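J.: my questions concern the predicted model and sequence given below.
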Amino acid sequence: MTRAAGAPVNAGESILLTPPGYLQRATLPLPALVLLLPMVVMYEVGTRYFTTAARHGQDQQIIAFSKMQDFFHLFGATGRHLPALAVVASLLAWHIARNDKWRVDLATVVGMGIESLVLSLPVLLLGFLINRYFALAATSATPTSALTVVTDGVRDRLIMDLGAGVYEEFVFRLVLFALFSLVLKDLLKLHNGVVYLLMVVLSGVLFSAYHYWNPAEQWVWRIFAFRALAGAYFGIIFLFRGFGVTAASHAFYDIIITLL
């Protein structure tokens, strides 16, 4: 979050100068960590013990999680929990860098959860409209299809939904937007409005393309378009409401789709 409008958009920062109160507190890294940590833990425990793959001695992960592991492996770092530690460490480092107080208002975290649920609903509406006018687009377009192993059952999908919300948003919003800011704003010196537009559009397209790492995924342009629009929408949420609300909104959307 920026402390003043027009400041560089670093990892997870809001482009708005939000007034004191909930709107500002909900964009801070420590409340985001408190909101998302249960999702991280449930995903770690779920993929370790409760998925169908885990019960057969196999590993089943969101592709974003696996690619984060591959990235760390390039530097000689290995470990099952490195992506989770990276998310936690990034938010803690961001909190320390801001020199914020080590205090979280429970009402703020609850509010973030409610806000995230509400912000997930437009994606459902988008999926409904595309499914109505372009058949089969929405029912196959849930971001949780980007798995390294095909899921089996509602329990598996719910576990993957939690991982999709946290790790896909970590990669495609928190990390990617920071890189875009470095290149587009700091190096190329583009106007803020152009930078934000390119961030949203490019991250949406890359988010949609990322799902084709799944070898079972078949190309359908309507599904690609839906995911790109959904990714752009999450990018807008990220710019205005920060990482915590964005990741939780993504997870809530996936969970609702699974339950429906």
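T.: On my side now, so go ahead.

J.: which residues touch Phe224?
T.: For Phe224, the contacting residues are Ser208, Ala209, by CB atoms under 8 Å, 6 or more residues apart in numbering. In short, each C-beta sits where N, CA and C put it, glycine included.

J.: cool, the one 4 residues further on as well?
T.: Shown in contact with Ala228 (CB under 8 Å, 6+ apart): Gly204, Val205, Phe207, Ser208.

J.: can we see that at 10 Å?
T.: Residues near Ala228 by CB atoms under 10 Å, 6 or more residues apart in numbering: Val201, Ser203, Gly204, Val205, Leu206, Phe207, Ser208, Ala209.

J.: measure Leu125 to Ala178 for me?
T.: According to CB to CB, to the nearest Å, Leu125 and Ala178 sit 30 Å apart.

J.: looking at these two, which is more packed in?
T.: Ala178 (17 against 9; other CB atoms under 10 Å).

J.: returning to what we had before: export the contacts of Ala228 to CSV and append columns for neighbour count, secondary structure and pLDDT.
T.: Formatted as CSV, the contacts of Ala228 follow (neighbours: other CB atoms under 10 Å; DSSP: H, G, I helix; E, B strand; the rest coil; pLDDT from 0 to 100):
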residue, neighbour count, secondary structure, pLDDT
Val201, 14, helix, 97
Ser203, 22, helix, 96
Gly204, 22, helix, 97
Val205, 16, helix, 97
Leu206, 14, helix, 97
Phe207, 25, helix, 96
Ser208, 22, helix, 95
Ala209, 13, helix, 95
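
J.: make CSV out of those residues and add distance to Val87.
T.: Compiled in CSV, those are given as follows (distance: CB to CB, whole Å):
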residue, distance to Val87
Val201, 25
Ser203, 18
Gly204, 21
Val205, 24
Leu206, 19
Phe207, 17
Ser208, 22
Ala209, 23
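
J.: which one of those residues is nearest Ser90?
T.: Ser203 (17.3 Å; CB to CB).

J.: tell me the confidence at the residue lying closest to the closest one once chain neighbours are set aside?
T.: Nearest residue to Ser203, sequence neighbours excluded (CB to CB, 6 or more residues apart in numbering): Gly235, at 4.8 Å. The per-residue pLDDT reported for Gly235 equals 97.

J.: find the helix or strand that Gly235 is a member of.
T.: Element membership of Gly235 [criterion: DSSP states H and E] is helix 221-259.

J.: immediately after the host helix or strand of Lys67, which helix or strand?
T.: Assigned by DSSP H and E, Lys67 belongs to helix 63-74. As assigned by DSSP H and E, the chain's next helix or strand after helix 63-74 is helix 82-98.

J.: what's the angle from that next one to helix 221-259?
T.: Going by axes from the mean of the first three to the mean of the last three CA atoms, to 10 degrees, helix 82-98 is angled at 90 degrees with respect to helix 221-259.

J.: neighbours of the residue nearest to His250 when sequence neighbours are not counted, just the number please.
T.: With CB to CB, 6+ apart as the criterion, His250 has its nearest non-adjacent residue at 4.1 Å, and that residue is Gly165. By other CB under 10 Å, the residues close to Gly165 number 30.

J.: just the CA trace of stretch 194-202, in CSV.
T.: The C-alpha trace of stretch 194-202 is given here as CSV (Å, rounded to 0.1, in the frame of the first residue of the first chain):
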residue,chain,number,x,y,z
VAL,A,194,-0.4,3.5,-18.6
VAL,A,195,1.5,1.4,-16.0
TYR,A,196,-1.6,0.4,-14.1
LEU,A,197,-3.5,-0.5,-17.4
LEU,A,198,-0.6,-2.6,-18.6
MET,A,199,-0.3,-4.3,-15.3
VAL,A,200,-3.9,-5.3,-15.2
VAL,A,201,-4.1,-6.4,-18.9
LEU,A,202,-0.8,-8.3,-19.1
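
J.: in it, what's buried?
T.: Buried positions in stretch 194-202, judged by neighbour count with 16 or more other CB atoms under 10 Å: Val195, Tyr196, Leu198, Met199, Val200, Leu202.

J.: same deal with stretch 86-102?
T.: Ala86, Val87, Ser90, Leu91, Trp94, His95, Asp100.
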